[in-house]
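Engineer: Using only what follows, build the 3D model:
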Amino acid sequence: MKLLHTADIHLGFKTHGRRDPETGLNTRLLDVRSSLDAVVQRALDADVDAFLFCGDAYHTADPTPTQQKLFVEALRPLAEAEIPIVLIVGNHDHPVTFGRASSLDIFDHIAGEVHCYRKPAPSVQVLQTRSGPLQLIPLPWPIRSQILTKDEYRRLAPDELRQFIEEQYVTYIRRRTDEIRDEEAGEAPDGSAHALSPDVPTVLAGHVTVQGAALAGSEHTTTIASEPKFTVGQLAVRPIDYVALGHIHRPQDRNEDGHPPVVYAGSIERVTFNEHDEPKGVRLVDIDPSREPATRTTFVETPARPFVALQVDVRDADAPTERILEAIRARDVADAIVRVRYQVGEEQAAEVDTARLREALAPAAIVTGIERTVTETERKRRTVVTRESGLEEAVRQYVGQHDELAGMEEELVGAALALKAELRAEQSGTD
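Structural biologist: You can find the predicted model right below:
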């Protein structure tokens with residue numbers, strides 16, 4: 001069975017974007033749509049049996065009608081190809097206020113086989129695909145507002161609530177996997193009878209945090225620290241063949257040396273320059289329970305907008321503008337979002353021709369800035385040589401005020417003292 005696993009699209013962020021004159025939309029919104037279109041086309045080209053989206057379709061829980069329209073239009077080819085679509089609600093998809101609909105609930109009313117999960121399902125879900133049944137354990141983002149509607153949980157401290165969620169989710173996973181291991185009779189979503197089996201491809205699809213996950217450059221450790229966290233062992237429970245995750249934007253397999261894979265697909269677009277060197281993509285998944293290992297995955301990069309961050313120190317350059325231009329020419333800035341930062345000495349600041357720099361950056365999609373850091377020239381304090389100063393002291397002060405004499409201090413002091421002695425000897429002879 002072949003699957004495509006993606007997450008963290010975040011339609012709606014506008015960082016480093018501008019208004020596109022042809023469409024009137026923000027260029028970063030168009031970038032995300034372009035990458036999403038490529039992801040859907042990759043799923044069609046690979047002839048996948050199901051499309052797994054593991055949360056955070058939008059950047060906020062209140063997407064605009066335009067953002068919703070773009071997401072629906074992007075997924076429509078999958079529905080037309082009769083490929084089941086699994087949507088897991090993420091933390092950005094769900095409003096904080098209890099009772100309000102999530103931004104993905106609209107998909108319950110859209111044509112096509114779309115399965116949207118805003119809370120854990122009461123049983124293992126069985127999806128019918130062209131290659132046979134797929135057993136699914138959905139694990140959406142834990143919604144605290146729903147838990148706090150119950151009187152017995154309202155007085156829980158934040159740490160207690162986090163621990164409670166962790167325990168509930170771990171228990172939920174064990175119960176669902178026990179259903180499969182025991183091969184109990186279940187019922188498919190369409191009402192047809194189906195016996196659960198460990199020989200059928202089984203996926204846990206969630207939007208949660210795994211302990212030790214490496215964060216992307218745009219993510220904040222302080223935010224992740226307060227969230228419920230799970231170990232690899234708590235998620236990678238037999239007979240699960242693949243753990244598909246969203247929430248962390250850096251692609252990674254947290255169970256690389258074991259089975260099943262516990263994978264963050266990562267985000268499909270870069271958000272800030274902190275992610276300029278991070279790959280962006282999706283996972284193609286191939287599950288065959290009859291082989292060992294049962295699951296194989298391939299990371300496929302998306303055509304994410306490149307970010308180019310240039311840092312140039314020209315303080316030792318005779319021609320600072322040329323040095324910066326060399327750094328620009330050394331990188332492919334075409335259609336990229338580019339930032340240039342250069343460091344110059346105080347006396348060089350006026351020599352940098354920013355017009356030439358902007359001309360060299362013309363092929364870029366967006367230049368976020370050409371930022372200059374000026375290092376002040378160190379000024380030595382001029383000391384005054386008076387008649388009261390001794391010869392040695394006076395020579396040392398003079399040498400200290402002239403950089404070109406550095407390293408010659410002792411030689412000059414010695415010569416001065418020798419001249420002084422010679423002069424005294426001549427004066428003594430005259431007398």
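
Engineer: what sits against Val333?
Structural biologist: Val308, Leu361, Pro363, Ala364 (Cβ atoms under 8 Å, 6 or more residues apart in numbering). Yep, even glycine has a C-beta here, placed from its N, CA and C like the rest.

Engineer: ok now the helix or strand hosting Arg396, how far from the chain's centre?
Structural biologist: Take DSSP states H and E as the rule and Arg396 turns out to sit in helix 391-400. Centroid displacement of helix 391-400 relative to its chain, using Cα atoms, centre = their mean, to the nearest Å, is 59 Å.

Engineer: for that helix, which positions count as buried?
Structural biologist: Ala394, Val395, Arg396, Tyr398, Val399 (16 or more other Cβ atoms under 10 Å).

Engineer: Glu351 and Pro320 touch, don't they?
Structural biologist: Yes. Using Cβ atoms under 8 Å, Glu351 is in contact with Pro320, at 5.5 Å.

Engineer: Touching both of these two, which residues are there?
Structural biologist: Val344.

Engineer: circling back to that earlier point, ok, of the buried residues of helix 391-400, which one's closest to Thr23?
Structural biologist: Val399 (68.3 Å; Cβ to Cβ).

Engineer: Give me the packing partners of the helix or strand where Ile165 lies, helices and strands only.
Structural biologist: According to DSSP H and E, Ile165 maps onto helix 158-181. Packed against helix 158-181 by the contact rule (3 or more Cβ pairs under 8 Å, 6 or more residues apart in numbering; DSSP states H and E) you find strand 132-139, helix 144-147, strand 229-230, helix 232-235.

Engineer: what are the ranges of the helices in the stretch 251-400 of the chain?
Structural biologist: 320-329, 354-360, 391-400 (DSSP state H, counting those that start in this stretch).

Engineer: Mind putting those helices into JSON lines with mean pLDDT and distance to Glu278?
Structural biologist: Output for these, formatted as JSON lines (pLDDT from 0 to 100; distance: least, Cβ to Cβ, whole Å):
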{"stretch": "helix 320-329", "mean pLDDT": "97", "distance to Glu278": "21"}
{"stretch": "helix 354-360", "mean pLDDT": "96", "distance to Glu278": "26"}
{"stretch": "helix 391-400", "mean pLDDT": "74", "distance to Glu278": "50"}
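
Engineer: Listing request: residues of the stretch 201-350 of the chain with sub-threshold pLDDT.
Structural biologist: By pLDDT under 70, the weakly predicted segments of the stretch 201-350 of the chain are 221-223.

Engineer: just the strands in it please.
Structural biologist: Along the stretch 201-350 of the chain, counting by DSSP state E, counting those that start in this stretch, strands occupy 202-207, 209-210, 229-230, 242-246, 252-253, 262-264, 281-287, 295-301, 307-313, 337-345.

Engineer: Other residues contacting the second one?
Structural biologist: Under the contact criterion Cβ under 8 Å, 6+ apart, strand 209-210 has outside partners 224, 227-232, 235, 245, 247-248, 254, 262, 264.

Engineer: Please spell out the PyMOL selection for the buried subset of those residues.
Structural biologist: Restricted to buried positions by 16+ other Cβ under 10 Å, the PyMOL selection for those reads:
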select buried, resi 228+229+230+232+235+245+247+248+254+262+264
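
Engineer: ok, the contacts of strand 209-210 vs Ala157, which is closest?
Structural biologist: Of those, the one sitting nearest to Ala157 (Cβ to Cβ) turns out to be Pro228, at 14.2 Å.

Engineer: surely that closest one meets Glu160?
Structural biologist: No. Pro228 is beyond contact range of Glu160, at 11.8 Å (criterion: Cβ under 8 Å).

Engineer: Which residue, other than its chain neighbours, is closest to Pro120?
Structural biologist: Excluding its sequence neighbours, the residue lying closest to Pro120 (Cβ to Cβ, 6 or more residues apart in numbering) is Tyr172, at 5.2 Å.
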